[in-house]
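>>> No letters, just coordinates:
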């Protein structure tokens, strides 16, 4: 595998959804990619605080890939029945076992080390596969059963009506 090739996915169960977003990125594309993630998630039905949390979590992952994973990464995002899923991969040297399994909140005056800690708290699930040839992090967050603009699906009244 070369630096230009995306790492193989750490997927255990085959995935068959259509990607909402599938892109490579580097340091210069982080801001634009964050905006595309937000737009795709909004269009797929995520909104409000859930949307903000998802976008922040993805931003932490893509920033980590750039800072610690070789300067570039690969992002895939898709919608499953009741959740939004995003997977970010890089070609870095992996995450040290002690660091990966440390679930303690970083010290308040610590400049780094907040990315995975924050991502885990902002999402419903987070799985990390890491080795000396790269890291893949997959997150998911539930999406309310409403239409893309926050409206109830056709034929259903909002709760409390």
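Perfect, I can see it now. Source: prediction; values computed, not measured.
>>> alpha carbons only for contacts and neighbour counts from here, please
Fine.
>>> what about residue 26, how many residues close to it?
Neighbour count of residue 26, defined by other C-alpha atoms under 10 Å: 17.
>>> pLDDT score for it?
Residue 26 carries a pLDDT value of 96.
>>> Quickly list what it is bridged to.
Beta-bridge partners of residue 26, counted by DSSP bridges, are residue 72.
>>> Does it touch residue 69 like I think?
No - using C-alpha atoms under 8 Å as the test, residue 26 is too far from residue 69 to be in contact (10.4 Å).
>>> Each with direction, which strands does the strand or helix carrying residue 87 pair with?
Using DSSP states H and E, residue 87 sits in strand 83-90. Paired strands of strand 83-90, with direction, are strand 72-79 (antiparallel), strand 134-142 (antiparallel) (DSSP bridges).
>>> Could you dump the ones you listed into JSON lines and include distance to residue 21, mean neighbour count and mean pLDDT?
Formatted as JSON lines, the strands paired with strand 83-90 follow (distance: least, C-alpha to C-alpha, whole Å; neighbours: other C-alpha atoms under 10 Å; pLDDT from 0 to 100):
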{"stretch": "strand 72-79", "distance to residue 21": "5", "mean neighbour count": "23", "mean pLDDT": "96"}
{"stretch": "strand 134-142", "distance to residue 21": "14", "mean neighbour count": "22", "mean pLDDT": "97"}
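>>> Can you say which of those strands is nearest to residue 51?
strand 134-142 (9.1 Å; C-alpha to C-alpha).
>>> so how far is that closest one off the chain centroid?
Here strand 134-142 shows a centroid-to-chain-centroid distance of 5 Å under the convention C-alpha atoms, centre = their mean, to the nearest Å.
>>> neighbouring contacts of it?
For strand 134-142, the surrounding residues in contact (C-alpha atoms under 8 Å, 6 or more residues apart in numbering) are 7, 9-10, 50, 54, 61, 69, 82-95, 123-130.
>>> again, but for stretch 72-91
Against stretch 72-91 from outside (C-alpha under 8 Å, 6+ apart): 3, 6-7, 9, 17-27, 37, 41, 44, 46, 58, 61-62, 65-66, 69-70, 133-145.
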